[in-house]
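Enquirer: The amino acid sequence is not available; the structure is as follows:
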C-alpha cells in the first residue's frame, strides 16, 4: 500500500530558476536543495528513466523499473526519497530505519551510499551502509541512534536483524536494486524475510535489468499498482561498443592478453574471468609481466576490494581482473576496454560486463577470448544481442552457428577424463555379456591367478565336473587325496576335500559372489570378522 503523496515544500520552476541550477531537473518538481546539489555535481539533463520516474515517485507511486546499469536509475529513486524524507521532518527512533535500499553486492551498496551523500549534501539526514566483509561493530554503533537512510546487502542485514541490532517496523520506503542479480546470488529468500518484516503501508520500488519469473513473482507480492518504467528492451544491442572475439585455446589466452596490453591505447582495462582462482592467477601473471593489475572477487575482504577499486579508479592499477561481482553497478569513469578472458555462462552477464565501458555517451571496446568449449556461449551472446561479433584472426573451421549442446561442451565443468571414466563401466558390461561372465566382480584372488574356476556356462561346468569325477575314480586312495588337495579351491591351502567321491572334491561349484560363513574358507585360520571383510574387498 502506498503512503500519502507528500507535497513539496519548495519547488523551483523553469521561469524562476536561480543561476547554476539546471532547468531540466527543475521541471521534474525537485526541491531547491536537491537542485543545488545536482548543479554542483554537474548534472544538467535528466536521463530517460529519471524523466519518467521522478515525477511519479514524488506522487507516491510504487514503481517497477526495467533498466540496465549506467542509465541513471540511482538518481531516479534517490532524489524523490531524499525529498520526501526531508519533508516529513521526523527523527528516526533508536535502531530504526526510515528508508531501506537493498543491493546485491558490497560495491554497489557503497556506490549507492556515495550517490545519496552527493544528492543529499544540503539536507540534514543521517544515513548508514552495512555490508559483509568488515567488522560489524561500527555498523552496530551507527544504527544505535537510528538512521534516515540505510543501504545494505541482504546477508549482513539479516545478521543484524537476527541479533536485534536493527528494527524495520518504521520503514516507509523500500528499494530493491538489481533484483535479478539478487536472484542469481541466492538472496531471494532473505529478501522475502526482510520484506515480511517491513510494514505493509510503505512506498516500494523494484529495479531489475531482466525480469525472470521469480523476480516477477516477487514484484507482484511487494508492489501495489506499480508504474512500469522500461527504458531499454529486454534484449539489448550495445551499439556504441566495438565488439570483437579471438578464437584461441585456453593455453594461448595468457600470451594473447599480455600482447594486447602492450598497446598503450588500452589505458584502463577490466578483465573478466569466471572463477576467483582464475582472477588471482591472471592478476599475478600480469604483475610479473610488468603490467600493474589487481584482482577483485568475493573471497577478498571488503577493505581489499575497496582498495583495489580505488587503485584502479586513481590509475595506480592499469588493469582490474574481476569476476562477475563487478559486472553491475561499478561506475569507474574512463574504462577504455573490457576483455572477457572467459566468456560468461549467461549471455545477459556479457551485456553487463561490456557495459562497464562506453558510459556517459562515450565509446569503448570489448574483446573476448573464446576457446572450443565456449563457442556455445558465444552463439547465445550473439542471439541475445542480435549481431555477429567480429572475429579477429582465424575463425574455427567447424563454427557452423549450430545449437549450443555440442559434444565439445556437454561435459563442460568436468575434470579431464571424467566423462570417459563414466562410460567405462557401460563398455565393461557389454564385454561381460559377450564373454558370458562378469570380469572382476565376485572373483577371489586365487581365481584371477592360476586357480581360476570354470566359467558360468552350465554345460561346460557339468562336463568338467564329470571329467573330474572319472579321474578320481581311476586314482588310488593316496593319489586321490593328492589330486583332491590340488584340485580343491585355492583358498584351502592345498588341504584334502571334506567329502570323498563328490564333484570338485566336496566343494560346490562357484556361482558368483557369496558371503562366507565363519572361518571355513581358510582352513580355520581366519580371525573373527575376517571373512566378511574379505568378501567386501573382493566385491
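Expert: Great, that's in hand. Worth saying up front: this structure is predicted, and the values here are computed from it rather than measured.

Enquirer: Show me how the record splits this structure into domains.
Expert: The chain resolves into domains spanning 14-230, 241-392 when parsed by automatic domain parsing.

Enquirer: got those as TSV, with mean pLDDT and mean neighbour count columns?
Expert: No exception for glycine: its C-beta is placed from N, CA and C like everyone else's. Supplementary listing: the domains of the chain in TSV, determined by pLDDT from 0 to 100; neighbours: other CB atoms under 10 Å:
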stretch	mean pLDDT	mean neighbour count
domain 14-230	89	19
domain 241-392	88	19
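
Enquirer: Run through the strands of the stretch 201-350 of the chain in chain order.
Expert: Using DSSP state E, counting those that start in this stretch, the strands of the stretch 201-350 of the chain run over residues 203-208, 227-230, 241-247, 269-272, 293-296, 319-322, 337-340.

Enquirer: Sheet partners, orientation included, of the first one?
Expert: I take that to be strand 203-208. Taking DSSP bridges as the criterion, strand 203-208 sits next to strand 63-66 (parallel), strand 173-176 (parallel) in its sheet.

Enquirer: can you tell which of those strands is closest to residue 81?
Expert: Ranking the strands paired with strand 203-208 by distance to residue 81, with CB to CB as the measure, places strand 173-176 first at 5.2 Å.

Enquirer: For that closest one, which outside residues touch it?
Expert: Where contact means CB atoms under 8 Å, 6 or more residues apart in numbering, the residues beyond strand 173-176 that reach it are 77, 81, 84-85, 98-102, 182, 191, 195, 198, 202-207, 218, 222.

Enquirer: swap in stretch 189-206?
Expert: 1-3, 57, 60, 62-65, 77, 84, 100, 102, 154-155, 157-158, 161, 168-176, 179, 182, 215, 218-219, 221-224, 226.

Enquirer: end-to-end on that stretch?
Expert: Taking CA to CA, to the nearest Å, the first and last residues of stretch 189-206 lie 16 Å apart.

Enquirer: again, but for stretch 84-97
Expert: 14 Å.

Enquirer: Then stretch 364-376?
Expert: One end of stretch 364-376 to the other measures 25 Å (CA to CA).

Enquirer: correct me, but residue 343 touches residue 349?
Expert: No - here residue 343 lies out of contact with residue 349, judged by CB atoms under 8 Å, at a distance of 9.1 Å.

Enquirer: State the phi and psi torsions of residue 99.
Expert: Dihedral angles phi and psi of residue 99 (degrees, to the nearest 10) take the values phi -130, psi 130.

Enquirer: how about residue 269, what does it touch?
Expert: Contacts of residue 269 were listed using CB under 8 Å, 6+ apart, and they are 261, 318, 319, 320, 335, 336, 337, 338, 339.

Enquirer: what about 6 Å?
Expert: Taking CB atoms under 6 Å, 6 or more residues apart in numbering, we find residue 269 in contact with 319, 337.

Enquirer: Next: residue 380.
Expert: Remark: with contacts taken as CB under 6 Å, 6+ apart, residue 380 is in contact with residue 347.

Enquirer: sorry, back to before: redo the strands of the stretch 201-350 of the chain as CSV? Include distance to residue 306.
Expert: As requested, the strands of the stretch 201-350 of the chain are exported to CSV (distance: least, CB to CB, whole Å):
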stretch, distance to residue 306
strand 203-208, 23
strand 227-230, 31
strand 241-247, 27
strand 269-272, 16
strand 293-296, 9
strand 319-322, 12
strand 337-340, 21
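
Enquirer: closest one to residue 131 among those strands?
Expert: Across the strands of the stretch 201-350 of the chain, closest to residue 131 is strand 293-296 (CB to CB), at 14.4 Å.

Enquirer: I would like the residues contacting that closest one, please.
Expert: Here strand 293-296 makes contact (CB under 6 Å, 6+ apart) with 279-280, 283, 286-287, 305, 308, 311, 317, 319, 321-322, 326.

Enquirer: what's the distance between the closest residue to residue 299 other than its chain neighbours and residue 245?
Expert: When the adjacent residues along the chain are set aside, residue 299 lies closest to residue 276, with 5.1 Å between them (CB to CB, 6 or more residues apart in numbering). According to CB to CB, to the nearest Å, residue 276 and residue 245 sit 24 Å apart.

Enquirer: same thing with residue 271?
Expert: In this structure, residue 271 and residue 245 are 15 Å apart, going by CB to CB.

Enquirer: swap in residue 58?
Expert: Here residue 58 is placed at a distance of 45 Å from residue 245 (CB to CB).

Enquirer: now do residue 143
Expert: Relative to residue 245, and taking CB to CB, residue 143 is found at 48 Å.

Enquirer: mind listing the strands for the stretch 1-150 of the chain?
Expert: Assigned by DSSP E, counting those that start in this stretch, the stretch 1-150 of the chain shows strands spanning 63-66, 97-102, 127-130, 147-152.
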